[in-house]
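Undergrad: Sharing a sequence plus its predicted fold:
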Amino acid sequence: MKAGLGSGKLEGLQAARAIAALSVAYFHSYVALRAFPEDAQHPIAFLKAWGFLGVDLFFAISGYVICLVASKPDFSPLAFAIKRAFRLYPMYWVTMAIVAAAILSGKFPDQIGLGHFLYSMTLLPQHGPTAYQVSWTLEREVVFYALAALLVPFVGIRGLAIVLAGLAFAGFVYQDPWSFHLISIRQADFLGGVLVFLVSRHFRPGSWTAGLSLAAGVLALGYLWFNPSRIFTFATTICLALVLLGMINLRLPWKHWSLRWLVLIGDGSYSIYLLHGLILYYFPWFCAQFNSVPAWLCEPSRYGLLALTCVVSYATWRLVEVPMISVGNRLLKRAADLPAETVAPPLRA
């Protein structure tokens, strides 16, 4: 689902996507500051320590969005798989093309074999690091999509929640054994989004309960920051689920310029997640082309690169993601409009 301005869809969800993407990008922004002395860096303490939780928030968002899709009366596992493929793979392959160019030019940080690179292009589960580090999360997304497509038609969304809970608990007990990403604590993050979907149907959008859940999530995250040694395994899942519950039910003037930029960043959040590592990693190489870089440019460089990442990512969303999503939708529409004999011709003697 893509929530857009004026589309009647959930701009709060897009804002949550933006927060997740920017949190991860900020968490990794230290990579771009290698050319500066450490005492020139003045990061935001919470994001420096906990920005990686943007990944968990992305998983929760996926859990919620997939439930929105799967709850529709015309839900079809095949159509779902095709739409997800056109949503996930084209931009990922564009990113991997950039990675391939960096590898061939000798400017990629890791040694990647051809077989490893090609397998990573599939986003199928693999035991060990991926060719491009951020794609480890996409492998888990693909596994979750497969679970949803297989389970929802038979056991419904509540059944999916039960299975995810079992897989997450087993991951906790057995310490995430290799199981093609099935038995994993990470399933709890997807479960958080599923539970948000089930609970939010009983919320009145814009009600005080939405604001209360958002406030509870933010306070809980603050508690985690100040008391990291006192948290339990699934604490972050609960906190982020509360944040998501509040965001999707929060009714703000999203079309106003003061908030509209956040929704637009949410549109390009997938590209931000894919591209931010490349932009941040190669900035020191760019700086090396100059004799010296003033230390006072450290923090302006951080925020400038984050802004550049947002601009580039919004462009790739418009030029790559939107057209590819439209292609997938047109293919499905064309298939639906074909006569039954064309889709499955009868056997003839």
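TA: In hand now; what should we look at?
Undergrad: Give the buried residues for stretch 201-215.
TA: Within stretch 201-215, the residues that count as buried by 16 or more other Cβ atoms under 10 Å are Phe203, Thr209, Ala210, Ser213, Leu214. Quick note: C-beta positions are derived from backbone N, CA and C, even for glycine.
Undergrad: ok, now stretch 53-71?
TA: Quick answer for stretch 53-71 (16+ other Cβ under 10 Å): 53-70.
Undergrad: And stretch 93-111, by the same measure?
TA: By neighbour count on 16+ other Cβ under 10 Å, the buried set for stretch 93-111 is Val94, Thr95, Met96, Val99, Ala100, Ala102, Ile103, Phe108.
Undergrad: One more: stretch 148-168?
TA: Buried residues in stretch 148-168, counted by 16+ other Cβ under 10 Å: Ala148, Ala149, Leu151, Val152, Ile157, Leu160, Ala161, Val163, Leu164, Leu167, Ala168.
Undergrad: in the chain, which ranges drop under the pLDDT threshold?
TA: For the chain, residues meeting the criterion pLDDT under 70 lie at 1-9, 204-207, 228-230, 288-291, 338-349.
Undergrad: and the most centrally placed residue in it, what is it in contact with?
TA: The chain has Phe58 as the residue nearest its centroid, 4.0 Å off, counting by Cα atoms, centre = their mean. Applying Cβ atoms under 8 Å, 6 or more residues apart in numbering, one finds that Phe58 lies in contact with Arg17, Ala20, Ala21, Val24, Thr137, Tyr273.
Undergrad: can you rerun that using 6 Å?
TA: Phe58 makes contact with Ala20, according to Cβ atoms under 6 Å, 6 or more residues apart in numbering.
Undergrad: and what of Leu33?
TA: The contact partners of Leu33, by Cβ under 6 Å, 6+ apart, come to Gln41, Cys298.
Undergrad: Distance check, it against Pro284.
TA: Applying Cβ to Cβ, to the nearest Å, the value for Leu33 to Pro284 is 8 Å.
Undergrad: ok, now Ala32?
TA: Separation of Ala32 from Pro284 (Cβ to Cβ) stands at 7 Å.
Undergrad: go on, Gln111?
TA: In terms of Cβ to Cβ, Gln111 sits 20 Å off from Pro284.
Undergrad: How about Val293?
TA: Look at Val293 and Pro284: by Cβ to Cβ, they are 9 Å apart.
Undergrad: Mutual contacts of those two, please.
TA: Ala35.
Undergrad: Which strands or helices does the longest helix that the chain contains pack on?
TA: Across the chain, the longest stretch assigned as helix under DSSP state H is helix 135-174. With contacts defined as 3 or more Cβ pairs under 6 Å, 6 or more residues apart in numbering; DSSP states H and E, helix 135-174 has these neighbours: helix 53-70, helix 77-104, helix 187-200.
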